[in-house]
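> what follows is a protein structure lacking sequence information:
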Ligand code: FPP
């Protein structure tokens, strides 16, 4: 008999479908992002309540700069305002916020807001929320290798060297990666950390993604047979 595994320690979310959600309602795309942020908050709170330890959210990728200037500016403002406004939400729930991505490529006001929420929540011991902003999996690995080169260690490097120079080496690998909206791609999301993740695709557009949908994904995960390259246990 295959043993049921416990709830995932680290869940990654690719929050896809905001634009389509808005279009279906005759709204502008940015309305979808606004609603998507409300969903993200609900999912963060629920994850914290059910005892998930790490949640990673793909808020803005290194490829998202290709969108219209209007959409990019909106997303930057939305993220900045969220971080400023929701400090109490993170404090009340003892949630620690960390950031993954290239800070240097961000507008300085957004960068400052990220640095201050990361610092202000660093003592909390509950859920860790990893916000991926100006993030690309390949970019993270290249930046890690460049950090190693800068430290003069370039004759031979190991997997641990790379892992130790990722943006948040203390965060364990992703157990369950959830992508909403029916798209079945990884899109440069936590490439290193998803090496052995279970993938779950939901047809629900992100603004409609509910705690029931998350429960369904976790249930599916619990019935997976994780082998990490080993043999089946049945
Ligand atoms: C993808 O949907 C979504 C994004 C590129 C942005 C997601 C960002 C948020 C929900 C804000 C969250 C921020 C925090 C701080 C948690 P899409 O626009 O590609 O949708 P489409 O494929 O339907 O066009």
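Yep, that arrived. All values derive from a computational prediction rather than experimental measurement.
> going forward, measure contacts between C-alpha atoms and count neighbours the same way
Noted.
> show me the helices in this structure, by range?
Counting by DSSP state H, the chain has helices at residues 18-24, 29-49, 69-85, 87-92, 108-120, 137-150, 159-164, 211-222.
> closest one to residue 10 among those?
helix 29-49 (10.0 Å; Cα to Cα).
> and the closest one, anywhere near the ligand?
Yes: contact of helix 29-49 with the ligand (Cα under 6 Å from any ligand atom) involves 33, 36, 37, 40.
> and of those, the nearest to residue 148?
Distances from residue 148 to the residues of helix 29-49 next to the ligand, taken by Cα to Cα, are shortest for residue 40, at 34.1 Å.
> the closest one and residue 227: what is the separation?
Distance of residue 40 to residue 227, given as Cα to Cα, to the nearest Å: 30 Å.
> who has more neighbours out of these two?
Taking neighbours as other Cα atoms under 10 Å, residue 40 and residue 227 compare with residue 40 leading, 19 against 10.
> tell me the buried residues in the lowest-mean-pLDDT helix or strand in the chain?
In the chain, the helix or strand scored least confidently by mean pLDDT, DSSP states H and E is helix 87-92, which has a mean of 92. Using 16 or more other Cα atoms under 10 Å as the test for burial, helix 87-92 gives 87, 90.
> before we move on, what about stretch 164-179?
Buried-residue list, stretch 164-179, by 16+ other Cα under 10 Å: 165, 166, 167, 171, 173, 174, 175, 176, 177, 178, 179.
> ok, it near the ligand or not?
No: Stretch 164-179 is not in contact with the ligand by Cα under 6 Å from any ligand atom; minimum separation 10.0 Å.
> how long is that stretch end to end?
27 Å.
> show me the shaky parts of this protein.
Across the chain, the ranges flagged by pLDDT under 70 are 1-4, 153, 232-234.
> who in it is up against the ligand?
15-20, 33, 36-37, 40, 59-60, 79.
> make it 8 Å
Residues of the chain lying close to the ligand (Cα under 8 Å from any ligand atom) are 14-22, 29, 32-41, 57-61, 64, 75, 78-80, 82-83, 131, 181, 205-207.
> any idea how far residue 161 lies from the ligand?
30 Å (Cα to the nearest ligand atom, to the nearest Å).
> contacting residues for the closest residue to that residue other than its chain neighbours?
Closest residue in space to residue 161, ignoring its immediate chain neighbours: residue 148 at 7.6 Å, by Cα to Cα, 6 or more residues apart in numbering. The contact partners of residue 148, by Cα atoms under 8 Å, 6 or more residues apart in numbering, come to 154, 161, 162, 165.
> can I get those in TSV including distance to residue 110?
Below are the contacts of residue 148 laid out as TSV (distance: Cα to Cα, whole Å):
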residue	distance to residue 110
154	33
161	30
162	27
165	23
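> neighbours around residue 103, how many?
Quick note: residue 103 (other Cα under 10 Å) scores 17 neighbours.
> isn't it up against residue 109?
No: the criterion here is Cα atoms under 8 Å, and residue 103 misses it with residue 109 at 11.0 Å.
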